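Colleague: Any chance you can model this:
(chains A, B and C)
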Amino acid sequence: MAGRPKIRLNFRKNLGDFTLTVDSSLEKQVSVFLGVSGSGKSTLLNCLSGTLSPDEGEILFGDEFLYASSSKINLPPEKRRFGYVFQEGYLFPHLTVAQNIRYGQPNRRKSAATIDVLEIAELLQRYPKELSGGQRQRVAIARALAMEPRMLLMDEPLAALDSTLKDRIIPYLHHVKDAFDIPILYVTHSFSEAMALADEAFLIANGEIVANGEPHRLLTAPSAMPIAQLTGVENILFLPVTLSDKTLGVTTLEIGEQSLIIPYTDVGVGEIVPVAIRAEDIMVSLESNLPISARNVLHGRIQYLDIKSERTWLSILVEWHHLAVKITHEAREQMQLQEDLEVYCVVKASAINRLWD
Amino acid sequence: MRITPAEVAALSLSIKVALLSLVITFPLGLLVGWLLAKRTFTGKALLHTFVMCPLVLPPIVSGYLLLIVLGKNGVIGGFIYSVFQREIVFSQFAVVIAVSIISFPLLVRGIMTGMESVPVELENAARTLGASPFKVFWTITFPLAYRGVIGGTILGFSKSLGEFGATIMVAGNIPGKTQTMALAIFSAVHLGEDASVYRLVLISTVVAFVALWFTERFTLR
Amino acid sequence: MHRSVRFFVAIGFVFIVFSGCATDRQKPRELSVFAAISLTDALTEIGTTFTTESGVRVFYNLAASTTLQRQIEKGAPADVFISASSRQVIALEADGLLEAESRRNLLTNGLVVVSGDAAEVFVGALDTLAAPEVSRIAIGHPSIVPAGAYAKEALTHFGLWETLNSKLIFGTDVRATLAYVTSGNVDIAIVYKTDTIVSDAIKVLYHIPPEAYTPIIYPAVIVKNSPQKQLARQFITFLQSAEKREIFEKHGFTVLALK
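Modeller: As a prediction, the model looks like this:
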């Protein structure tokens, strides 16, 4: 893996009242850019593929300039040799699968490997409209690989698929990663895809990279502050699913020994789901068995109090998660809240939002 | 029903002129349609208006303008006369020019609509797969714009077959030389030769029908 | 590869087949005659005999006289101009585009009152048109159609223009005017005598006396920039020869000047 070229991104692109500013280096094999829609992920990819020109700056692949405003270099897309996999696939509807794959292929014999890895041999004579969503994306990946790219750009390649299909395609992406030693830039709004694929993760919001690093450290640390900043929500938890029932309309997550009920979301048991809770949506109680409708009553301990001018901020440790809670000074005084006091955090299921997916 | 030699001459001239005009306008129509559908450049609106002009002008006005430009005293006509000692107006060549200019907007419209319906993302995808803009045009844009291109071609061709106003102005109504079907019908109506009118109308209907059938049969599976 | 290619192969094939049929640039002598479209049949017949006698092919450009006038103004390659009215000829002469001395008043036409062949209307003189049995009268639009202008002149001459005004329907050309009558929508029309020759569906009721309107003259004249004035003169003389009278009269014209 030593020979893999490093990619240097340092440019600015203005689109109406949106501006994308990037100054990053991609050094690992798979770089995942994680962000909500409108954060600038696709603009980033288009600048890299050459279908969009930045306003200024430079893009370097190894020691080759793909774009440099100072010396007026802007390599057209067809010269960059970057395989691009789109969310919508964009297979050519008038060509068969085989013709699609052959479209950008310099060497006809080599496609066998791609076709094997992605298991599409029996689809070759079909037209795109005769394929299922998952098959279409596998063909799109095969088409991008058949051109023998120097790099692979993937723009939400799994976003149009349901979660069962996603689970089936991800192994193919791992095959690709292992079989082709080229850099992959993968853009997604899905936390689980980022966790599954990333060697390095970049959080992107409002056209800026707000944080980057090793994915587990960046995305699952209790103080995932960048994500909180990104969403404006104080509490972000990454919790495994213990039960998901569509008919009851609930999904149950595990938080240490306790459980957290959220509105139903389409995930498999065992998968880790990022959820967000606003500080003002958490109520504090001194008793556990209150006659209320809120579904979640979590046992915890106040770690510290922070008395601000308008509100009191509490940090409550639930199992090993810190929850930020915002209450009035009056409530604090009446309940005589203080550090080390055991309390219950009460949260309505509907106040808990799943992030990204 | 007996068809006179003059009617045969008018019919074959119409078909010949319509085909020749198609051969001339088609490549140009592809270029202009592509420019208008896929490119942004200064003067695009102007080009669009200019190309579509004959669609809104009465053909006889277009013909009159052509007569002014191509006549021996006109800018282009005068130049050609001084160089080649040849006149353009009142020749079969003039018929082809008149018919081409009148049918051009219909051809371009069809091509434009067809090309606009091809998503730019597909073209970009082809670029990232290593295709030059030229290859993208012939392998993606053109085949996918196919229906619009055919539609425009049929419309333009039919218009060419029936063009009257501009032709009579710039090429005259000269039997055996520039008298097309439409002009022959005009003459027959004017002279009250009803039998001839019916015959000619029937023939042009059959020709238009055959042209449509032909394209259907050979192009739309 | 597939459909698009087949389409162009087919187009190309048809094109090759047809393009073989005609090339119009061989060089026997040719004469270009711009003539009022109402003269088509008579002139075609005469043109054929002229060609057999002289070996010169005659090409007619047949359109409305005003259209021909515009074309000659813009330098159209005409040798001879035969107009349906003196007006266009006088205008072009004023612009110096015609050989004024070569003008010959070739033919004259008359105005007639017609009805559909089934109609039971008797017209002894123009004032019978004021009778209540006649509810509608068609003439060409006086400011667009020459025949309409002459009809207006004739009606004015007999003091009937105001009286009949409410009954008048204006046609956009002579054909349309006649069609009103043949379709039975209008009782009476006033048209050229020559227009009545080809149709069996109309009945000539009355010839309007020629003193009621300006003479309807068809002049023939040589165009100034004709490269073959000798041949043009020969053709005009040919038109005036005695044996052509029959042909013109068969089509309803009166021949004016005979050589």
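
Colleague: can you give me phi and psi for the residue of chain A found nearest chain B?
Modeller: Residue of chain A nearest chain B, by CB to the nearest CB: residue A:104 (3.0 Å). C-beta here means a position set from N, CA and C on the backbone, and glycine is covered the same way. Backbone geometry at residue A:104, expressed as degrees, to the nearest 10, gives phi -110, psi 20.

Colleague: Kindly report the same for residue C:190.
Modeller: Dihedral angles (degrees, to the nearest 10) for residue C:190: phi -110, psi 120.

Colleague: Hmm, it is touching residue C:113, no?
Modeller: Yes - in this structure, residue C:190 is within contact of residue C:113 by CB atoms under 8 Å, at 5.7 Å.

Colleague: shared neighbours, these two?
Modeller: residue C:208 (CB atoms under 8 Å, 6 or more residues apart in numbering or on different chains).

Colleague: got the contact list for residue B:71?
Modeller: Counting by CB under 8 Å, 6+ apart, residue B:71 touches B:77-78, B:89, C:74-76.

Colleague: Which ones among those lie within helices?
Modeller: Mapping the contacts of residue B:71 onto helices (DSSP state H) picks out B:77-78.

Colleague: Whichever of the contacts of residue B:71 end up buried, select them in ChimeraX.
Modeller: In ChimeraX syntax, the buried subset of those is picked out as below (16 or more other CB atoms under 10 Å in any protein chain shown):
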select /B:77,89 /C:74,75,76
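
Colleague: Give me the below-cutoff pLDDT ranges for chain B.
Modeller: B:1, B:218-221 (pLDDT under 70).

Colleague: again, but for the stretch 1-150 of chain C
Modeller: Those would be C:1-28, if you go by pLDDT under 70 across the stretch 1-150 of chain C.

Colleague: What segments of it are strands?
Modeller: C:30-36, C:57-63, C:80-82, C:98-109, C:111-116, C:137-140 (DSSP state E, counting those that start in this stretch).

Colleague: Can you check which of the ones you listed gets nearest to chain B?
Modeller: strand C:57-63 (3.6 Å).

Colleague: Please spell out which residues along the closest one are buried.
Modeller: Buried residues in strand C:57-63, counted by 16+ other CB under 10 Å: C:58-63.

Colleague: any chance you could map the helices in chain A?
Modeller: With DSSP H as the criterion, chain A has helices at A:41-49, A:77-80, A:97-102, A:111-118, A:133-146, A:163-179, A:191-197, A:215-220, A:225-231, A:329-335.

Colleague: I misspoke; the intended subject was chain C.
Modeller: Going by DSSP H, chain C shows helices at C:3-19, C:40-54, C:65-73, C:86-94, C:146-157, C:161-164, C:174-182, C:229-240, C:244-250.

Colleague: Reformat those as a markdown table; add mean neighbour count and distance to chain A.
Modeller: Listed next are the helices of chain C as a markdown table, based on neighbours: other CB atoms under 10 Å in any protein chain shown; distance: least, CB to the nearest CB, whole Å:
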| stretch | mean neighbour count | distance to chain A |
| --- | --- | --- |
| helix C:3-19 | 14 | 10 |
| helix C:40-54 | 16 | 53 |
| helix C:65-73 | 22 | 49 |
| helix C:86-94 | 18 | 59 |
| helix C:146-157 | 21 | 60 |
| helix C:161-164 | 14 | 69 |
| helix C:174-182 | 21 | 52 |
| helix C:229-240 | 18 | 62 |
| helix C:244-250 | 16 | 64 |
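
Colleague: Among the helices of chain A, show the one with the smallest mean pLDDT.
Modeller: Among the helices of chain A, helix A:225-231 has the lowest mean pLDDT, at a mean of 53.

Colleague: Name the residue closest to the centre of chain B, please.
Modeller: residue B:103 (3.2 Å; CA atoms, centre = their mean).

Colleague: tell me the contacts of it?
Modeller: For residue B:103, counting by CB under 8 Å, 6+ apart, the contacting residues are B:21, B:25, B:155-157, B:159-160, B:163.

Colleague: let's see it at 6 Å
Modeller: Counting by CB atoms under 6 Å, 6 or more residues apart in numbering or on different chains, residue B:103 makes contact with B:156, B:159-160.

Colleague: Most neighbours among those, please name it.
Modeller: When neighbours are counted by other CB atoms under 10 Å in any protein chain shown, residue B:160 leads the contacts of residue B:103 with 30 neighbours.

Colleague: Just the buried residues of the regular element (helix or strand) spanning that one, please?
Modeller: Here residue B:160, judged by DSSP states H and E, is contained in helix B:146-162. Using 16+ other CB under 10 Å as the test for burial, helix B:146-162 gives B:146, B:148-162.

Colleague: Same check on stretch B:45-63?
Modeller: So stretch B:45-63, judged by 16+ other CB under 10 Å, has buried residues B:48, B:51-52, B:54-55, B:57, B:59-60, B:62-63.

Colleague: How about stretch B:167-187?
Modeller: B:167-175, B:177-187.

Colleague: Let's see which of those end up in helices.
Modeller: Using DSSP H, the subset of the buried residues of stretch B:167-187 located in helices is B:167-170, B:181-187.

Colleague: need the strands of the stretch 1-150 of chain C in a markdown table with distance to residue A:156, can you?
Modeller: What follows is those, written out as a markdown table (distance: least, CB to CB, whole Å):
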| stretch | distance to residue A:156 |
| --- | --- |
| strand C:30-36 | 71 |
| strand C:57-63 | 66 |
| strand C:80-82 | 75 |
| strand C:98-109 | 78 |
| strand C:111-116 | 78 |
| strand C:137-140 | 73 |
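
Colleague: and of those, who's closest to chain A?
Modeller: Evaluated with CB to the nearest CB, those place strand C:57-63 nearest to chain A, the distance being 48.8 Å.

Colleague: Figure out how far the closest one is from the centre of its chain.
Modeller: Relative to the centre of its chain, strand C:57-63 is centred 13 Å away, using CA atoms, centre = their mean, to the nearest Å.

Colleague: One more: stretch A:29-47?
Modeller: Centroid displacement of stretch A:29-47 relative to its chain, using CA atoms, centre = their mean, is 9 Å.

Colleague: Please apply the same query to stretch C:134-151.
Modeller: With CA atoms, centre = their mean, you get 16 Å for stretch C:134-151.

Colleague: Residues contacting it, please?
Modeller: Contact with stretch C:134-151 is made by C:85, C:111, C:152, C:167-171, C:173-174, C:177, C:180, C:186-192, C:213, as judged by CB under 6 Å, 6+ apart.

Colleague: Try it again at 7 Å.
Modeller: The contact list for stretch C:134-151 (CB atoms under 7 Å, 6 or more residues apart in numbering or on different chains) reads C:84-85, C:111, C:121, C:129, C:152, C:164, C:167-174, C:177, C:180-181, C:186-192, C:213, C:216.

Colleague: what do you get for stretch B:198-216?
Modeller: B:1, B:3, B:7, B:11, B:15, B:150, B:154, B:157-158, B:161-162, B:181, B:184-185, B:188.

Colleague: residues contacting residue A:177?
Modeller: A:29-30, A:184.

Colleague: which one among those residues gets closest to chain C?
Modeller: Using CB to the nearest CB, residue A:184 is the member of those that lies nearest chain C, at 33.4 Å.

Colleague: Appreciated, that's everything.
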